[in-house]
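*Asks:* Dropping a prediction and its sequence here:
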Amino acid sequence: MDGILLIDKPIEWTSHDVVNFIRRRFRIKKVGHGGTLDPIASGLLVLFLGKTTKLAQTYSNEDKEYIAVMALGADTFTNDGTGEVLAKSDYKYISLGDIKKGFSKFEGEIEQIPPKISAVKLQGKRLYDLNRNGQDVEVKPRRRVVHNLQILHYSYPFVMFRIICSKGTYVRKICSDIGLELGCYAYMSNLIRTRSGRFSLSQSVTIPFLRTMPDEELPNYIQAVLPDLENKGNVVKNRREKWAL
């Protein structure tokens with residue numbers, strides 16, 4: 001049972017929850033994913049089964065596409081709708097023109113400070129653990145690339161947009177930073193991953209479907225690893241072996 005399985009991850013599930021579900025449901029020992037998707041987000045999660053799990057880390061470097069909703073007027077501890085509201089601000093004066101101008105400043109190469117509640121490691125510990133323990137730590141900005149940032153709809157106080165970005169880009173932090181650029185607070189209220197590398201959400205299957213699907217039908221939904229991805233994995237492996245000498 002080797003290959004790639006595309007899952008439409010539901011909200012409140014962690015990426016690890018999905019991996020464990022597939023392991024138990026279909027009795028597959030080796031399952032990995034090509035890029036974490038937070039519990040607040042839904043959408044495409046790329047799973048690698050069997051021998052292809054060695055390619056999961058390589059694939060996680062691929063660009064991602066999301067549909068997100070930004071809510072104006074509030075700042076939260078997590079930069080999304082799950083966190084404690086820290087402050088509120090007026091936003092009714094902000095026009096669509098203002099929003100377009102603000103969005104334009106976050107397209108291309110950007111410097112981004114990871115959110116306080118993130119899995120980034122500092123001093124050997126996860127950033128979310130340090131902040132939850134009351135430690136105020138300084139984190140250096142990370143360079144990220146936003147290939148495309150397109151406003152889809154604006155209905156006070158919500159802005160729906162599409163973003164195509166490099167690995168490691170925090171969409172919730174972009175929402176927060178755009179809010180500050182506009183002169184008010186903002187947070188991410190919804191997030192759907194619609195594409196990861198060459199794979200799209202339209203190719204995925206849902207957890208409820210997999211719960212009731214006969215085991216013998218699973219191979220119909222597993223995609224073979226294409227040669228270019230296999231070659232990328234071999235290049236990374238060769239580099240690691242060279243560095244280890």
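*Replies:* That came in fine, so what should we check first?
*Asks:* From now on I want contacts and neighbour counts done on CA atoms only, so please keep to that.
*Replies:* Will do.
*Asks:* and the gap between the residue nearest the centre of the chain and P115?
*Replies:* Centroid-nearest residue in the chain: L37, 4.6 Å away (criterion: CA atoms, centre = their mean). Distance, L37 to P115, using CA to CA, to the nearest Å: 15 Å.
*Asks:* List the residues that contact P219.
*Replies:* P219 sits next to M1 when contact means CA atoms under 8 Å, 6 or more residues apart in numbering.
*Asks:* Look at D63 and say how many residues are nearby.
*Replies:* Residues lying near D63 (other CA atoms under 10 Å) number 19.
*Asks:* surely it meets S166?
*Replies:* Yes: in this structure, D63 is within contact of S166 by CA atoms under 8 Å, at 4.6 Å.
*Asks:* Just the element for F209, please.
*Replies:* helix 207-212 (DSSP states H and E).
*Asks:* chain center to whichever helix or strand comes after that helix, what's the gap?
*Replies:* Once the chain leaves helix 207-212, the next helix or strand it forms, by DSSP H and E, is strand 222-223. Relative to its parent chain, strand 222-223 has a centroid offset of 22 Å by CA atoms, centre = their mean, to the nearest Å.
*Asks:* What average pLDDT does strand 222-223 get?
*Replies:* For strand 222-223, mean pLDDT rounds to 94.
*Asks:* Within the sheet, what are the partner strands of that strand, with directions?
*Replies:* strand 3-9 (antiparallel) (DSSP bridges).
*Asks:* residues making contact with the partner strand?
*Replies:* 15, 18, 42-52, 199, 201, 203-207, 221-225.
*Asks:* Quick one: buried ones out of the residues you listed?
*Replies:* 15, 18, 42-49, 52, 201, 204-205, 207, 222 (16 or more other CA atoms under 10 Å).
*Asks:* just those now: which is nearest Y185?
*Replies:* S42 (24.0 Å; CA to CA).
*Asks:* Next up, phi/psi of that closest one, please.
*Replies:* phi -120, psi 180 (degrees, to the nearest 10).
*Asks:* Verify the contact between it and R195 for me.
*Replies:* No: counting by CA under 8 Å, S42 does not reach R195; the two are 11.7 Å apart.
*Asks:* That concludes my questions; thank you for your assistance.
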